[in-house]
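Participant: whatever this is, show me its structure:
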Amino acid sequence: MALRFDPDKSRVSKCTKTEFIDGTIEEDILSVPGVGDAAAARLAKRGVNNTYQFIGVYLGLRENDMDSVAHHDAFVNFLNKAGITNCRHGIVDAIAQKVSTMIPGLYDIEAIRASLDEHK
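Facilitator: Numbering: from 1, shown residues only. I've put the predicted structure just below:
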């Protein structure tokens, strides 16, 4: 069963997420909120060894004519398939908000929340 991304399930603290979003991108994947040693090891098995590659995965999942809801669902499912069971939603939220500072409009949190409300 495919997971739905829910930003309200994020367990990453607002302070940690804000520091990541406002700060400079660090190469070390452990700088991504929610990514610990176990998640980093699982990502490495998928060829994702640094933050730049991780952002590349996020962007690469965006297909033509794909809306924000489907894009973020795809990313949370990528993490799930990689075996990341903790902090999936927080990781998606942090990466999405960080990339949104560079590519405005890519992360439409209101559309995501509206879609979740429709499926309750």
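Participant: please report how far Gln53 lies from Gly47.
Facilitator: To Gly47, Gln53 is 7 Å away according to C-beta to C-beta, to the nearest Å. From N, CA and C alone the C-beta is placed, and that goes for glycine too.
Participant: burial measure for the closest residue to Lys98 other than its chain neighbours, as a count.
Facilitator: Among residues not flanking Lys98 along the chain, Ile21 sits closest, at 5.2 Å (C-beta to C-beta, 6 or more residues apart in numbering). Applying other C-beta atoms under 10 Å, we find 17 residues neighbouring Ile21.
Participant: still on that earlier bit, which one of Gln53 and Gly47 is surrounded by more residues?
Facilitator: More crowded of Gln53 and Gly47, by other C-beta under 10 Å: Gln53, with 17 against 8.
Participant: now do the contacts for that one.
Facilitator: When contacts are counted by C-beta atoms under 8 Å, 6 or more residues apart in numbering, Gln53 touches Gly47.
Participant: please repeat the previous calculation with a cut-off of 7 Å.
Facilitator: Gln53 sits next to no residue when contact means C-beta atoms under 7 Å, 6 or more residues apart in numbering.
Participant: just Arg88 next, same as before
Facilitator: Contacts of Arg88 by C-beta under 7 Å, 6+ apart are 76, 79-80.
Participant: in ChimeraX, select just the buried ones from the residues you listed.
Facilitator: In ChimeraX, a selection of the buried entries from the contacts of Arg88 looks like this (16 or more other C-beta atoms under 10 Å):
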select :76,79
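Participant: secondary structure element holding the residue nearest to Lys98?
Facilitator: In this structure, Ile21 sits in helix 14-22 according to DSSP states H and E.
Participant: which residue is nearest the centroid of the chain?
Facilitator: Nearest to the mean C-alpha position of the chain, counting by C-alpha atoms, centre = their mean, stands Val92 at 1.7 Å.
Participant: quick check: pLDDT value at it.
Facilitator: Model confidence at Val92, given as pLDDT, is 98.
Participant: appreciated, that's everything.
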